[in-house]
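**Student:** Below are the sequence and a predicted model; questions follow.
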Amino acid sequence: MLSDRVKDSGAVTMFPRLADDWRRQVQAQLGWKNFQSADFERLHQEFGVTWFVVSKARGTGLTVFTERTLKVCRLKWPR
């Protein structure tokens, strides 16, 4: 699971050595509402992300399981 900008910021204040990793993960998620397959692939390459939850799936290479208003997507690997 990638770091959350709000929820995990408290941990960073208590454990400053986590700050660089926290910042990298938060920055990598900026603009996530407009992510395409290449963006999710980048998250996989940088952080090992294989699953994500969105309200609208976009792009290709996604296996989507829909549950009401959310979609759980799994990246297809290897490529």
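**Tutor:** Happy to help now that I have it. Residues are numbered from 1 along each chain as shown.

**Student:** Can you show me the strands along this protein?
**Tutor:** Ranges of strands within the chain are 51-54, 62-67, 70-75, based on DSSP state E.

**Student:** What about His44, how many residues nearby?
**Tutor:** By other Cβ atoms under 10 Å, the residues close to His44 number 16. Where C-beta positions appear, they are placed from N, C-alpha and C, glycine not excepted.

**Student:** circling back: would you tell me which of the strands of the chain gets closest to Leu30?
**Tutor:** strand 51-54 (14.8 Å; Cβ to Cβ).

**Student:** Direction included, what does the closest one pair against?
**Tutor:** Sheet pairing of strand 51-54 (DSSP bridges) gives strand 70-75 (antiparallel).

**Student:** gap between the partner strand and the chain center?
**Tutor:** In terms of Cα atoms, centre = their mean, to the nearest Å, the centre of strand 70-75 is set 11 Å apart from its chain centre.

**Student:** Report the buried residues of that strand.
**Tutor:** Lys71, Cys73, Leu75 (16 or more other Cβ atoms under 10 Å).

**Student:** now the angle from that strand to strand 62-67?
**Tutor:** Interaxial angle of strand 70-75 relative to strand 62-67 (axes from the mean of the first three to the mean of the last three Cα atoms, to 10 degrees): 160 degrees.

**Student:** Need the pLDDT of the nearest residue to Val49 once chain neighbours are set aside.
**Tutor:** Leaving aside its chain neighbours, Val49 sits nearest to Leu43 (4.0 Å; criterion: Cβ to Cβ, 6 or more residues apart in numbering). At Leu43, the pLDDT value in this model is 92.

**Student:** Leu43 - how many residues pack around it?
**Tutor:** 19.

**Student:** if we can go back for a sec, rebuild the strands of the chain as a markdown table, extending it with distance to Ala28 and mean pLDDT.
**Tutor:** Below are the strands of the chain laid out as a markdown table (distance: least, Cβ to Cβ, whole Å; pLDDT from 0 to 100):
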| stretch | distance to Ala28 | mean pLDDT |
| --- | --- | --- |
| strand 51-54 | 12 | 82 |
| strand 62-67 | 18 | 73 |
| strand 70-75 | 15 | 81 |
